[in-house]
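> dropping a prediction and its sequence here:
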Amino acid sequence: MHIIYDVEEMTETARGWLAAGSVGFVPTVGHLHTGHVMLVQSSLLTCELSAVSILVNPVQFGFDEDQAHYPYSLEGDLQLLDQEQVDVVFIPRPEEFYPAGFSFQVTPSGPLAERFEGAARPHYARSTATAMTKLFQLVRPDVVFLGQKNAQQVALIRKLVRDLNIDVSLRVLPTVRERDGLAISARNHLLSPSERQAVPILYRALLAGKALIEKGERRRAVIEKAMIAMIATEPLVKLDYMALCDPDTFELMGKKMPPRLPDLLLAVAARVGTTRQVDNILWKSDGYWLT
């Protein structure tokens, strides 16, 4: 496993990949967990070469979160990636990735950039789009592997690739969960025992919305009300938003959805103690759920 810290070395290494076969890429912010491992393994099975980046984007944090609260474990991350036999790990130095005088940024617009996570986290969409554009330029992947848990980030990256004609394909893998349904996240270990017991209510609320839809309910307000009421039973969970929306544009569904559903995302975000939790499930118009 080759570890690269230098931006120029990453550029030179990527140039040498042109004749080596397809390159899979898993972008991360570190503190790797089972969800990341699934992405890495998918890359290893699909592509001739696999690269992972570890970059804590210094402008991605919102609310009272900051980099000091983000759980780092670089030594453990590198050990895990070595065990998985990843080819390259790119850990760009922040002062090189965002050098002094850095002024050009990719700024998305519209509901996808401005609602939900975009409204909650200052510069969320812009920092995501800018960082991913730079990583794609440096690593030059053929296939990028992402997790469905961060649905709005997935949608932003998909639109970035489409609108700027970036020559990569995206593979989105289902959310990896604990046995009680909690979506695996780097921040879960910050939960107290009582908070950890409470937070699976988010997934149960999503499943309650799914059950109503499967029974034929199409009124968005009725579905959202039932989901919100379920979350309200856990006083430690402070709801930020609950939405039924288009998974690509994040436009809200109409007041009454058609009998034959289009692609539909049920998304939720909440504060639990010092952590912010997001989760979602996705209905595909092909006739199945990603839960």
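On my side now, so go ahead.

> can you give me the helices for this structure?
Taking DSSP state H to define them, one finds helices in the chain at 7-15, 34-46, 74-83, 94-97, 111-114, 117-120, 124-139, 151-163, 193-198, 201-214, 220-231.

> now for the ones you listed, which one comes closest to Phe25?
When the helices of the chain are compared for distance to Phe25 using CB to CB, the nearest one is helix 124-139, at 5.3 Å. (Each C-beta comes from the backbone N, C-alpha and C, glycine too.)

> and the closest one, which residues are buried?
By neighbour count on 16 or more other CB atoms under 10 Å, the buried set for helix 124-139 is 124-136, 138-139.

> what of stretch 167-186?
Neighbour count says stretch 167-186 has Val168, Val172, Leu173, Thr175, Val176, Arg177, Gly181, Leu182, Ala183, Ile184, Ser185, Ala186 buried, by 16+ other CB under 10 Å.

> of the buried residues of helix 124-139, which is the nearest to Thr275?
For those, the nearest to Thr275 is Tyr124 (16.7 Å; CB to CB).

> Gly118 is in contact with that closest one, correct?
Yes. Under the criterion of CB atoms under 8 Å, Tyr124 makes contact with Gly118 at 5.2 Å.

> and the residue lying closest to Thr128 once chain neighbours are set aside, what is it in contact with?
In this structure, Thr128 finds its nearest non-sequential neighbour in Leu156, 5.3 Å apart by CB to CB, 6 or more residues apart in numbering. Contact analysis of Leu156 by CB atoms under 8 Å, 6 or more residues apart in numbering lists Pro108, Leu112, Ala113, Ala125, Thr128, Ala129.

> any chance of these in JSON lines, with pLDDT too?
Formatted as JSON lines, the contacts of Leu156 follow (pLDDT from 0 to 100):
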{"residue": "Pro108", "pLDDT": "93"}
{"residue": "Leu112", "pLDDT": "92"}
{"residue": "Ala113", "pLDDT": "93"}
{"residue": "Ala125", "pLDDT": "93"}
{"residue": "Thr128", "pLDDT": "93"}
{"residue": "Ala129", "pLDDT": "95"}
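
> map the structural domains onto the sequence of this protein.
Here the domain assignment for the chain is 2-173, 186-283, based on automatic domain parsing.

> in CSV: the ones you listed, plus distance to Leu290.
Shown next, in CSV, are the domains of the chain (distance: least, CB to CB, whole Å):
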stretch, distance to Leu290
domain 2-173, 6
domain 186-283, 4
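
> least reliable of these going by mean pLDDT?
Of all those, domain 2-173 carries the lowest average pLDDT, namely a mean of 90.
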